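**Q** From the sequence below, what's the structure:
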Amino acid sequence: MKRHWVTTLALVGAVFAILALVSDQRPVSAEDDFAFIGPDGCKKCHFKTYRSWKKTVHAKAMDILKPGEKAEVKTKFKLDPQKDYTQDPACLQCHVTGYGKPGGYPEVKDSWTDDEKDRAKDNDGVGCEACHGPGEKYAEFKKDHEDYKRDEIAKLGMKVPVTAENCTGCHRAEGNPTAPEGYTFNFEEMKAKSDAIHEHVPLKHEH
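**A** Now for the predicted structure:
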């Protein structure tokens, strides 16, 4: 009887060892915490897309919050055109990437560590991960698996494809001080704007 239990435990241990090995190779959970890596972590493999994104209004979203920028628009919506809104957390939620989240733009406070300063610089503006999800895990996974499937990287935090729901967290009337009365977000119209969306470069592999 004792030998039977030893054999059973050995088999169970072997199964768990195999599962652990497999888990190191393929995504297993959508509940993990995913950290932001910044657009520099994306451009290594998507340089043409990155270069195109740099020209968009999303990439320059932080500039709008600076004193004197878009003064006419700010005045129209009763905002102080000379105020520095780059220190306003309510604005930063939508004008930077990953505000207050792991690896993302750090929360506003009296002073930042060197690491936080780097993160602020990396996540200035609406970057890749604001639309495609924090890339800590799926970026590494994609490098090691050219044959990956979309459902695999989705489990690792990648948003594929980007839909209207990815945008309406910011592009909505509620809480948006510059949204005109009766504003609704038109996803298809926004996708067609060349200064809003980056160029879509064909992928090397089918997924």
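**Q** tell me what the helix or strand containing residue 138 is packed against?
**A** Per DSSP states H and E: residue 138 is located in helix 136-144. In terms of contacts (3 or more C-beta pairs under 8 Å, 6 or more residues apart in numbering; DSSP states H and E), helix 136-144 is packed against helix 150-154. To be clear about C-beta, it is placed using only N, CA and C from the backbone, and glycine gets the same treatment.
**Q** list the helices and strands the helix it packs on packs on?
**A** helix 136-144.
**Q** which parts of the helix it packs on are buried?
**A** 136, 137, 138, 139, 141, 142 (16 or more other C-beta atoms under 10 Å).
**Q** Then stretch 70-78?
**A** The neighbour-count check on stretch 70-78 (16+ other C-beta under 10 Å) flags 70, 74 as buried.
**Q** How about residues contacting it?
**A** Residues outside stretch 70-78 that contact it (C-beta atoms under 8 Å, 6 or more residues apart in numbering) are 64, 80, 81, 82, 177, 178.
**Q** Please repeat the previous calculation with a cut-off of 10 Å.
**A** For stretch 70-78, contacts defined as C-beta atoms under 10 Å, 6 or more residues apart in numbering pick out 63-65, 67-68, 79-83, 85, 176-180.
**Q** Look at residue 165 and tell me its secondary structure.
**A** Following DSSP: H, G, I helix; E, B strand; the rest coil, we place residue 165 in the helix state.
**Q** what do you get for residue 49?
**A** Quick answer, by three-state DSSP: residue 49 is helix.
**Q** Please give the element, helix or strand, for the spatially most central residue of the chain.
**A** In the chain, the C-alpha nearest the mean C-alpha coordinate belongs to residue 129, at 2.0 Å (C-alpha atoms, centre = their mean). Element membership of residue 129, judged by DSSP H and E, is helix 128-132.
**Q** Using CSV, write out every CA atom in that helix.
**A** Only the C-alpha atoms of helix 128-132 are listed here, as CSV (Å, rounded to 0.1, in the frame of the first residue of the first chain):
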residue,chain,number,x,y,z
CYS,A,128,1.7,51.8,-28.5
GLU,A,129,0.6,50.1,-25.3
ALA,A,130,-2.3,52.6,-24.7
CYS,A,131,-4.0,50.9,-27.6
HIS,A,132,-2.4,47.5,-27.7
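**Q** OK, contacts around the closest residue to residue 66 other than its chain neighbours?
**A** Spatial nearest neighbour of residue 66, chain neighbours left out: residue 86 (6.1 Å); criterion: C-beta to C-beta, 6 or more residues apart in numbering. Residues in contact with residue 86 (C-beta under 10 Å, 6+ apart) are 62-67, 69, 92, 95-96, 108, 120, 124.
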